[in-house]
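>>> Predicted model follows, preceded by the sequence.
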Amino acid sequence: MLNGLHERGVCKIGLVCADGLKGLEDVISEAFPGTKLQRCTTHLKRHIISDVRNGDKGEVAEDLRQVFRTGDRNYTVEQAWGEWQRFCTKWGWYYRSIKKRGEDASYKAYFTYLDYDHRIQSMIYTTHWIERLQKDFRRVTRMRGAMPNEESVILLMGKTAMDKKSYLRQVPRIDLDKDLFPDEKKCS
């Protein structure tokens with residue numbers, strides 16, 4: 001898929017937000033070197049909470065909220081990684097799966113969102129919004145049954161996406177982010 005994008009003229013991707021697909025970093029760096037990866041924090045939190053006893057779920061969830069804060073302009077990747085290490089040390093005494101996560105440096109990909117403006121962090125730290133949109137796409141196409149042609153499907157998908165209220169949120173000067181939107185240049 002990434003090679004297909006490259007062949008169709010995409011020169012650079014600034015950020016990929018994805019869930020836990022193994023080996024994704026390698027594939028991305030091969031097709032689009034230098035692309036940053038943000039792993040879905042919502043999926044990670046759900047996996048962790050599903051592994052703990054019912055009595056611990058509330059406290060673990062609160063601790064995870066502190067680790068994966070958004071909207072705090074002073075919260076850095078280094079601070080978040082330190083909070084993650086403390087979380088994994090604290091709960092690693094009780095849950096081996098959490099202890100293993102704390103020892104794995106690949107979990108730094110869950111904190112990429114902190115490299116971006118605090119006002120857009122909540123938009124990029126999870127894939128939940130795109131999964132919701134895909135669910136809406138499936139629902140509206142299932143309701144319609146057969147479609148006359150590809151153009152009608154594209155129009156329906158566009159209308160479904162434009163009807164989402166979450167897309168009305170102002171994105172604060174994201175166009176100034178040179179990592180996401182580099183100066184235009186031709187593909188090499």
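On my side now, so go ahead. Predicted model only: the values in this text are computed from it and were never measured.

>>> use CA for all of it now, contacts and neighbours both
Noted.

>>> Could you give the average pLDDT over stretch 91-110?
In this model, stretch 91-110 has a mean pLDDT of 92.

>>> So which residues make contact with it?
Stretch 91-110 is contacted from outside by 37-41, 48, 51-52, 60, 81, 84-85, 88-89, 125, using CA atoms under 8 Å, 6 or more residues apart in numbering.

>>> ok, of the residues you listed, which come out buried?
37-41, 48, 52, 60, 81, 84-85, 88-89, 125 (16 or more other CA atoms under 10 Å).

>>> circling back to that earlier point, take the contacts of stretch 91-110 and keep only those in strands.
Using DSSP state E, the members of the contacts of stretch 91-110 that fall in strands are 37, 38, 39.

>>> continuing past the lowest-mean-pLDDT helix or strand in the chain, what's the next helix or strand?
Ranked by mean pLDDT, DSSP states H and E, the weakest helix or strand in the chain is helix 128-144, scoring a mean of 80. Following helix 128-144 in sequence order, the next helix or strand is helix 150-162 (DSSP states H and E).

>>> domain parsing for the protein?
For the chain, automatic domain parsing gives the domain ranges 2-124, 128-172.

>>> Return the most buried member of the ones you listed.
domain 2-124 (a mean of 16; mean count of other CA atoms under 10 Å).

>>> quick revisit: reformat the ones in strands among the contacts of stretch 91-110 as TSV; add pLDDT.
What follows is these, written out as TSV (pLDDT from 0 to 100):
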residue	pLDDT
37	90
38	91
39	92
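
>>> re the thing from before, tell me the two of the contacts of stretch 91-110 that are most distant?
Farthest pair in these (CA to CA) is 37 and 52. Separation: 27.3 Å.

>>> now residue 71, nearest residue through space, not along the chain?
Distances taken as CA to CA, 6 or more residues apart in numbering place residue 118 nearest to residue 71, at 4.5 Å, with adjacent residues excluded.
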